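Novice: generate coordinates for the sequence data below:
(chains A, B, C and D)
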Protein chains: 2
Amino acid sequence: MKNKKVITTNDISSSQHIGKLIFQLQRLERNPRAFGEAGTLTPSEIHAVDAIGEDGNILMSQLAERLGVTKGAITQVISKLEKKGITFRATHPEDSRAVLISLTEKGEIAFRAHMELHAQFNQKLREELSLDEIAIFEKCIKTFTSLLNRENERKSK
Amino acid sequence: MKNKKVITTNDISSSQHIGKLIFQLQRLERNPRAFGEAGTLTPSEIHAVDAIGEDGNILMSQLAERLGVTKGAITQVISKLEKKGITFRATHPEDSRAVLISLTEKGEIAFRAHMELHAQFNQKLREELSLDEIAIFEKCIKTFTSLLNRENERKSK
DNA sequence: ATTAAATAGTTTAGATGGTATACTACATGT
DNA sequence: ACATGTAGTATACCATCTAAACTATTTAAT
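Specialist: Reported below is the predicted structural model:
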């Protein structure tokens, strides 16, 4: 039987906060969600919708790059979205191998519902934090992310 | 063909930073990793090791609660860890239904290697951010997490 | 004491989301 | 013209989770 904390240094506390953040993020990323008239979409589906929505239309391979997954994974998620009537494929006019993905009307609804969700979340955050705090928060997130990115790059070599 | 940004408000930028953070976190959470002599563990395995390591020993159901998954999921991950020689089961002395999980020597090695990884990461973060910034960062993370938590709770009702 | 209900953990089928690999079809450079 | 490269797809497999049915044990009610 041990004590709860074997090592006690001031860096543990920040780890704990970040740990809880990761916990909640993962929890959020595990469940499907309803997007208005567009119906229920899984996390990976809405991520794809988000990327397509921001670009207007996008190649399969660009989507793979952007979401950090293989082309095979994209084929699967797009096929599901197509079946749900959220996206549609079109052959690229100058390269018949390439496939351009776009949002249907229903897809646009899902996209806007998702944007709205984010906007609401950001507003809640602004209600609880000052502008200065948010500015620093963003800087820290950027630093944190680039450290994480370096970590991920290092590992994938 | 649309413009890259349909809507441009100042809350978009913070979304983008957070989006990238989530992207990198998920990327990190997708790949197994080597923990010294203890061998390679998948993300969910090291999460379990972490929780057990901090408590010394823990019941299956406590572990499920702590990791935010069902008991069935815990049974599965612990069975894998046991097969790898990282953890072992013991019957609770006062309730023969209950099972206490503990780390083996090898499990302790994995736990310490993981702690070390976190400590190194925190140190890098401290090199790039001031103490004041870190303090605000932690406050923001806490706020952000509790908002996320509320969101998750709302949904699971 | 008996018995019903609650609780701890396990098992298993199926959902989700990813990879690796082999494949088809098309494009491009020499 | 032909070898090589590239875009996307299909498929087998892996990791992780849930839900639901199950066993075994404990607790509570009468």
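
Novice: count of neighbours near residue A:143?
Specialist: Using other Cβ atoms under 10 Å in any protein chain shown, residue A:143 is surrounded by 17 other residues. (Glycine included, C-beta is placed from N, CA and C.)

Novice: now name the helix or strand holding it.
Specialist: helix A:131-155 (DSSP states H and E).

Novice: same question for residue A:121.
Specialist: Using DSSP H and E, the element containing residue A:121 is helix A:105-128.

Novice: contacting residues around that helix?
Specialist: A:35-39, A:41, A:46, A:49-50, A:52-53, A:81, A:84-87, A:103, A:134, B:7, B:9, B:11, B:14-15, B:143-144, B:147, B:151 (Cβ atoms under 8 Å, 6 or more residues apart in numbering or on different chains).

Novice: counting only strands, which of the residues you listed make the cut?
Specialist: A:41, A:87, A:103 (DSSP state E).

Novice: who's in contact with the residue lying closest to the second one once chain neighbours are set aside?
Specialist: Residue nearest to residue A:87 in three dimensions, not counting chain neighbours: residue A:81, with 4.4 Å by Cβ to Cβ, 6 or more residues apart in numbering or on different chains. When the contact criterion is Cβ under 8 Å, 6+ apart, the partners of residue A:81 are A:45, A:48-49, A:87, A:107.

Novice: which residues does the most centrally placed residue in chain A contact?
Specialist: Residue closest to the mean C-alpha point of chain A, counted by Cα atoms, centre = their mean, is residue A:47 at 5.0 Å. Residue A:47 makes contacts with residue A:67, as judged by Cβ under 8 Å, 6+ apart.

Novice: how close does it sit to residue B:137?
Specialist: 25 Å (Cβ to Cβ, to the nearest Å).

Novice: and the gap between the residue nearest to residue A:42 when sequence neighbours are not counted and residue A:85?
Specialist: Leaving aside its sequence neighbours, residue A:42 sits nearest to residue A:32 (Cβ to Cβ, 6+ apart; 4.8 Å). Residue A:32 is 16 Å from residue A:85, where distance means Cβ to Cβ.

Novice: walk me through the domains of chain A.
Specialist: Annotated domains of chain A cover A:31-118, A:126-157 [automatic domain parsing].

Novice: so which of those is nearest DNA strand D?
Specialist: Nearest to DNA strand D, of all the domains of chain A, is domain A:31-118, at 3.0 Å by Cβ to the nearest atom of the strand.

Novice: same question for the closest one, mean pLDDT?
Specialist: On average, the pLDDT along domain A:31-118 is 95.

Novice: and it with DNA strand D, contact?
Specialist: Yes: applying Cβ under 7 Å from any atom of the strand, one finds domain A:31-118 touching DNA strand D at A:59-62, A:71-72, A:74-76, A:78-79, A:89, A:92, A:95, A:97-100.

Novice: wait, does that domain contact DNA strand C?
Specialist: Yes: counting by Cβ under 7 Å from any atom of the strand, DNA strand C has neighbours in domain A:31-118: A:32, A:42-45, A:47, A:67-73, A:76-77, A:95-97.

Novice: follow-up on the earlier one: got the contact list for the residue nearest to residue A:42?
Specialist: Residue A:32 neighbours (Cβ under 8 Å, 6+ apart): A:40-43.

Novice: correct me, but residue A:139 touches residue B:132?
Specialist: No: in this structure, residue A:139 is not within contact of residue B:132 by Cβ atoms under 8 Å, at 11.6 Å.

Novice: between these two, which one's more packed in?
Specialist: Neighbours per residue, other Cβ under 10 Å: of residue A:139 and residue B:132, the larger number sits with residue A:139, 16 against 9.

Novice: before we move on, back to that, pick the most buried one from the domains of chain A.
Specialist: Sort the domains of chain A by mean neighbour count, taking mean count of other Cβ atoms under 10 Å in any protein chain shown, and domain A:31-118 sits at the top with a mean of 17.

Novice: look at that domain and report the distance between its end residues.
Specialist: 16 Å (Cα to Cα, to the nearest Å).

Novice: how far off centre is that domain?
Specialist: Relative to the chain's own centre, domain A:31-118 is displaced by 12 Å; criterion: Cα atoms, centre = their mean, to the nearest Å.

Novice: wait, residue A:91 touches residue A:99, no?
Specialist: Yes: the pair residue A:91 and residue A:99 passes the contact test of Cβ under 8 Å, sitting 6.5 Å apart.

Novice: end to end on stretch A:36-44, go ahead and measure it.
Specialist: Using Cα to Cα, the two ends of stretch A:36-44 sit 17 Å apart.

Novice: how about stretch A:25-32?
Specialist: Span of stretch A:25-32 from end to end, Cα to Cα: 13 Å.

Novice: tell me the buried residues in that stretch?
Specialist: Using 16 or more other Cβ atoms under 10 Å in any protein chain shown as the test for burial, stretch A:25-32 gives A:25-29.

Novice: would you turn these into TSV with secondary structure and distance to residue A:119?
Specialist: Formatted as TSV, those follow (DSSP: H, G, I helix; E, B strand; the rest coil; distance: Cβ to Cβ, whole Å):
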residue	secondary structure	distance to residue A:119
A:25	helix	19
A:26	helix	23
A:27	helix	21
A:28	helix	17
A:29	coil	19
